[in-house]
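Undergrad: Got a predicted structure here, sequence first:
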Amino acid sequence: MKFNLDNLVNEFQELENKLSDPDIFKDQKKVREVASRKKSIEWAVNLYKDYKKANDALVENKTMLDAEKDEEMRELLKEEIRNLEDNIPEMEEKLKVSLLPRDPNDDRNIIVEVRAGTGGDEAALFAWELSKAYIMFAEAEWFNVEITEQTLSEWGWVKEIIFEVKGEWAYSRFKYESGVHRVQRIPETESKWRVHTSAITVAIMPEVDEIDIEVNEADVEMSFCRASWAGWQHVNKTDSAVNLRHKPTWITVFCQDGRSQHKNREKARNILRSRIYAHEEEKRNKELWEARLAQVGSGDRSEKIRTYNFPQDRVTDHRIWQNFSGIPYIMMWRLAPIIDALAVADQQAKLEAAWRWEI
């Protein structure tokens, strides 16, 4: 795989010139596309400039060494050459990584959906625990979290919860969580101390707006009903809950977050756009594991990306076949080691998939 990095530098300069032209701001979609492309190649461009400077300095020092007669100066030049020769391979590796295809959604806000699957109350309990772990992890990384919708079981656990995570690079931190999560443990009600297995599904969707995706109003069926969250005064006196159905894809959204019908309608539209966007992304990238945004399976135990084995205090991610201990800490908020390991594995897989790098 060949990369003409001088052309990349030229492209970066052209993008900067476009963003300095006032006329481009007449088209906000174009602004976002240009700014996103500029941001995606900026790291590679800066690394390449440093790499070129190091190589030029290496050639210059070797030329000077050939002509230099003074032994003290020759030793200084030799030391500089050794330092450059030691650093340049590391710079090449960083440059290779910077040239890997980048996910255009990485810097977006996200919508997280957690649903109880197979396992009844145990699945609902684990859905509550994992969603709480996600929220604490997001807040620990300085993201803002807002719960949009939740449906609870009779015991107060989570049948379904939807929440927004806002902040730069939110999607890049959560994108590997999409899929089926399986839990193995002994329920408190189990008299014979048998391990039960249940499962939940997690979907991570990049938040999009009308600039990113247009939804034809004629394709959306909207209905209203009274919100049903327990404990809210007057919540059932107005038809504030909103239900949307996108007829071409049969994607539905129900929102009863607040008393305001207008607020619920806007939130529902936001979730609907994100689900349609994820649906279209899934169709375009179904062969690529790292771009799977919405395929979370049926919630069956046999479909899984990760298993949480409480009796053995072990979390296994089946995509990288790596184990992690300390489930109590992981379920509090310490998900970073797992997420970081997945990001590294993804990066390594992309490097291995590349043919030969030529700089």
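TA: Cool, the structure landed.

Undergrad: Flag every buried residue along stretch 103-122.
TA: Buried residues in stretch 103-122, counted by 16 or more other Cβ atoms under 10 Å: 103, 105-119, 122. Any C-beta I mention is one placed from the backbone N, CA and C, and that applies to glycine too.

Undergrad: cool, stretch 173-192 as well?
TA: Across stretch 173-192, burial judged by 16+ other Cβ under 10 Å covers 173-185, 187.

Undergrad: what do you get for stretch 263-273?
TA: Asn264, Arg265, Lys267, Ala268, Arg269, Asn270, Ile271, Leu272, Arg273.

Undergrad: So, low pLDDT: which residues of the protein?
TA: 1-4, 189-192, 209-213, 226-239, 257-259, 283-303, 353-359 (pLDDT under 70).

Undergrad: That one: helices as residue ranges?
TA: Using DSSP state H, the helices of the chain run over residues 5-19, 28-67, 71-98, 121-140, 170-174, 261-284, 327-330, 336-353.

Undergrad: which residues sit in contact with the residue lying closest to Glu221 once chain neighbours are set aside?
TA: Nearest residue to Glu221, sequence neighbours excluded (Cβ to Cβ, 6 or more residues apart in numbering): Arg245, at 4.4 Å. By Cβ atoms under 8 Å, 6 or more residues apart in numbering, the contact list for Arg245 reads Val220, Glu221, Met222, Ile251, Thr252, Val253.

Undergrad: For Glu168, see how far away Gln348 is.
TA: 25 Å (Cβ to Cβ, to the nearest Å).

Undergrad: ok, for Arg319, nearest residue in space, not its chain neighbours?
TA: Using Cβ to Cβ, 6+ apart, the closest residue to Arg319 is Ile305 (5.9 Å).

Undergrad: What about that neighbour, how many residues nearby?
TA: 23 (other Cβ atoms under 10 Å).

Undergrad: Count the residues that sit near Thr252.
TA: 13.

Undergrad: Would you mind confirming that it makes contact with Val242?
TA: No: with contacts counted by Cβ atoms under 8 Å, Thr252 stays clear of Val242, the gap being 11.1 Å.

Undergrad: ok so, going back, using CSV, lay out the contacts of Arg245 together with distance to Ala44.
TA: Formatted as CSV, those follow (distance: Cβ to Cβ, whole Å):
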residue, distance to Ala44
Val220, 41
Glu221, 46
Met222, 45
Ile251, 37
Thr252, 42
Val253, 38
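
Undergrad: Identify the farthest-apart pair in these.
TA: The distance between the two most remote of the contacts of Arg245 (Cβ to Cβ) is 13.3 Å, for Met222 and Ile251.

Undergrad: More neighbours: those two, which one.
TA: Neighbours were counted for Met222 and for Ile251 using other Cβ under 10 Å; Ile251 has more, 17 against 13.

Undergrad: Please list all residues in contact with the more buried one.
TA: Taking Cβ under 8 Å, 6+ apart as the test, what Ile251 contacts is Arg245, Leu272, Arg275, Ile276, His279.

Undergrad: who's it bridged to?
TA: When assigned by DSSP bridges, Ile251 has beta-bridge partners His246.

Undergrad: Run a quick neighbour tally on Glu352.
TA: By other Cβ under 10 Å, the residues close to Glu352 number 7.

Undergrad: any idea how far it is from Asp346?
TA: 11 Å.

Undergrad: tell me the domain boundaries of the protein?
TA: By the assignment in automatic domain parsing, the chain contains the domains 5-98, 110-346.

Undergrad: tell me the most buried of the ones you listed?
TA: Each of the domains of the chain was scored by mean neighbour count; the highest is domain 110-346, a mean of 17, by mean count of other Cβ atoms under 10 Å.

Undergrad: and Val145, what is it in contact with?
TA: Counting by Cβ under 8 Å, 6+ apart, Val145 makes contact with Ile135, Ala138, Glu139, Phe163, Glu164, Val165, Lys166.

Undergrad: quick one: the first one and Phe163 touch, right?
TA: Yes: with the criterion set as Cβ under 8 Å, Ile135 and Phe163 qualify as a contacting pair; they are 6.7 Å apart.

Undergrad: re earlier: put together CSV for the buried residues of stretch 263-273, with distance to Ile339 on each row.
TA: Listed next are these as CSV, based on distance: Cβ to Cβ, whole Å:
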residue, distance to Ile339
Asn264, 32
Arg265, 34
Lys267, 27
Ala268, 29
Arg269, 30
Asn270, 25
Ile271, 24
Leu272, 28
Arg273, 26
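
Undergrad: ok, so what distance separates the nearest residue to Ser260 once chain neighbours are set aside from His262?
TA: Leaving aside its chain neighbours, Ser260 sits nearest to Ser240 (6.4 Å; criterion: Cβ to Cβ, 6+ apart). Distance, Ser240 to His262, using Cβ to Cβ: 9 Å.
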